[in-house]
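Undergrad: What would the 3D arrangement of this be:
(one chain, ligands or ions: 2)
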Amino acid sequence: LVPRLRPFTSTIFAEMTALAVQAGAVNLGQGFPDTDGPAAMLERAQRAIGEGLNQYPPGPGMPELRQAIAARRVGLGQTFDPDAEVLVTVGATEAIAASLLALVEPGDEVIVFEPYYDSYAASVAMAGATRVTVSLAEQESGRFGLDVDALRAAVTPRTRAVLVNSPHNPTGTVFTRDELAGVAAVCAEHDLLAICDEVYEDLVFDDHEHVPLGTFPGMAGRTLTISSAGKSYNCTGWKIGWVCGPAPLVAAVRAAKQFMTFVGGAPFQPAVAHALSHEDAWVRALRDSLSDKRERLSAGLAEAGFGVRRTEGTYFVCADVRPLGFTDGLELCRELPGKAGVAAVPVQVFTDNPDRWRHLVRFAFCKRDEVIDEALARLRKLG
Ligand code: PMP
Ligand code: GLN
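TA: Ligands and ions are numbered 1, 2, ... in the order given. Prediction:
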């Protein structure tokens with residue numbers, strides 16, 4: 001393995017899921033739902049297979065899916081031409097990797113906020129670029145703030161792009177308009193690209209609001225907006241994602257993407273097009289149900305003795321292990337499946353400053369209530 005990829009031989013999700021399986025633990029580590037998406041969407045995929053949609057779809061994605069993606073972005077304040085400004089990818093993961101491979105040169109710097117989703121670091125490394133990390137700030141309120149001054153201070157003449165994930169995995173923070181306006185200002189001041197991972201855009205609770213960074217003044221021409229169907233429609237295994245942006249940037253991403261996977265997921269594409277166009281009520285119900293699960297898990301973790309942080313969006317909650325007498329989240333997560341029969345994910349592995357993040361572990365609540373309750377019953381015996 002080439003040196004720049006040596007840190008990426010295994011993912012924390014694979015490691016913790018393997019431990020969970022081995023120990024028969026309740027897996028609140030890897031974030032995947034344990035119920036299916038909308039029935040009509042599932043039927044549409046099955047019908048597509050029956051109808052023979054089993055060969056390569058068009059390179060940019062099926063037209064009906066690109067149109068449905070563009071139509072959906074209108075509701076978020078973004079206008080894209082489905083033919084030139086929308087590209088279907090194999091999950092958001094491919095969209096992120098292809099964007100970096102297409103637009104970042106070896107030696108360029110890419111700013112990421114930590115904790116960062118693990119694929120960002122790997123994709124930056126695959127592009128031969130340098131990761132520059134800016135820490136989110138843990139606030140009294142239990143959310144994690146975006147420090148615009150720290151971002152500005154991290155910019156150098158080599159900085160090419162900023163990767164922004166909101167709603168944010170693993171913290172569950174939804175960045176505010178003010179925070180995003182600050183990011184937009186820095187991008188404009190320094191002529192930076194923004195690569196925005198918005199896969200949790202539909203999973204936002206209370207009166208928090210998901211605002212795409214690409215809608216801020218001066219951003220449309222320099223922003224790639226990435227999302228996918230996995231989180232909104234409980235189909236993480238389908239890997240239908242997309243990237244939207246100005247035509248020249250999307251054409252560049254398409255050039256890279258066509259030699260990564262060329263195309264993918266033919267029978268799933270019309271199914272996701274259906275979901276984007278007809279399943280808003282289903283998504284609202286999912287969001288309400290996840291909001292309740294967030295309360296259920298957060299309250300239960302607090303009762304078990306964890307220091308629970310506030311989740312504004314996503315299906316994750318972060319918890320401080322120190323009140324229980326532990327000091328290291330990674331150590332605890334390695335022991336937890338055997339010791340308590342529950343799997344979680346340590347936050348420090350998503351950072352370049354493990355000392356600052358050692359006290360936090362992440363639990364996923366995209367699970368049936370009885371699964372959450374079983375995990376909580378087991379965790380209550382931990383203290
Ligand atoms: N970004 C974030 C922040 C995620 O949590 C995930 C899903 N785990 C992805 C990207 C990957 O999305 P996909 O499965 O569509 O590739
Ligand atoms: N995105 C999911 C999570 O954060 C897992 C994805 C994966 O296993 N790579 O838990």
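Undergrad: Could you check the worst-scoring helix or strand of the chain on mean pLDDT and say which residues are buried?
TA: Least confident helix or strand of the chain, by mean pLDDT, DSSP states H and E, is helix 12-23 with a mean of 94. Residues of helix 12-23 classed as buried: 12-13, 15-17, 19-20, 23 (neighbour count, 16 or more other CB atoms under 10 Å). (Glycine included, C-beta is placed from N, CA and C.)
Undergrad: Could you tell me which residues of the stretch 1-150 of the chain lie near ligand 1?
TA: Residues of the stretch 1-150 of the chain lying close to ligand 1 (CB under 6 Å from any ligand atom) are 31, 91-93, 117.
Undergrad: OK, contacts around the residue of the stretch 1-150 of the chain found nearest ligand 1?
TA: Nearest to ligand 1 in the stretch 1-150 of the chain, going by CB to the nearest ligand atom, is residue 91, at a distance of 2.5 Å. Counting by CB atoms under 8 Å, 6 or more residues apart in numbering, residue 91 touches 228, 230, 239-241.
Undergrad: now, which of these sits nearest residue 347?
TA: residue 230 (21.3 Å; CB to CB).
Undergrad: residues contacting the closest one?
TA: Contacts of residue 230 by CB under 8 Å, 6+ apart are 91-92, 199, 236-241.
Undergrad: Find me the pLDDT at it, would you?
TA: The per-residue pLDDT reported for residue 230 equals 98.
Undergrad: Which of the helices or strands spans it?
TA: Per DSSP states H and E, residue 230 falls between elements, in no helix or strand.
Undergrad: Ramachandran angles for it?
TA: phi -50, psi -50 (degrees, to the nearest 10).
Undergrad: Check residue 164 too.
TA: Backbone torsions of residue 164, given as degrees, to the nearest 10, read phi -120, psi 130.
Undergrad: Show the model's pLDDT score for it.
TA: In this model, residue 164 carries a pLDDT of 98.
Undergrad: Which residue, other than its chain neighbours, is closest to it?
TA: Leaving aside its chain neighbours, residue 164 sits nearest to residue 196 (5.0 Å; criterion: CB to CB, 6 or more residues apart in numbering).
Undergrad: Now whichever helix in the chain runs longest: average pLDDT?
TA: In the chain, assigned by DSSP state H, the helix with the most residues is helix 280-303. In this model, helix 280-303 carries a mean pLDDT of 98.
Undergrad: ok, and for it, which residues are buried?
TA: 282-283, 286, 290-291, 293-294, 296-298, 300-301.
Undergrad: repeat for stretch 33-48
TA: In stretch 33-48, counting by 16+ other CB under 10 Å, buried: 33, 37-38, 41-42, 44-45, 48.
Undergrad: gap between the helix or strand containing the residue nearest to residue 164 and the chain center?
TA: In the assignment (DSSP H and E), residue 196 maps to strand 193-197. Centroid separation between strand 193-197 and its chain, computed with CA atoms, centre = their mean, to the nearest Å, is 12 Å.
Undergrad: partners of it in the sheet?
TA: Next to strand 193-197 in the sheet, as set by DSSP bridges, lie strand 159-165 (parallel), strand 223-228 (parallel).
Undergrad: Of these, flag the one that's most buried.
TA: Of the strands paired with strand 193-197, the one with the most neighbours on average (mean count of other CB atoms under 10 Å) is strand 223-228, at a mean of 28.
Undergrad: right, and residue 181 touches residue 216 too?
TA: Yes - contact criterion CB atoms under 8 Å: residue 181 and residue 216 qualify, at 5.9 Å.
Undergrad: So those two - more neighbours on which side?
TA: Taking other CB atoms under 10 Å, residue 181 and residue 216 do not tie; residue 216 has more neighbours (21 against 16).
Undergrad: Distance of the more buried one relative to residue 111?
TA: Noted for residue 216: a distance of 17 Å to residue 111, by CB to CB, to the nearest Å.
Undergrad: Quick one: residues contacting the closest residue to residue 328 other than its chain neighbours.
TA: What sits nearest to residue 328 in space, not counting adjacent residues and going by CB to CB, 6+ apart, is residue 358, at 5.3 Å. By CB under 8 Å, 6+ apart, the residues touching residue 358 are 327-330, 346, 348.
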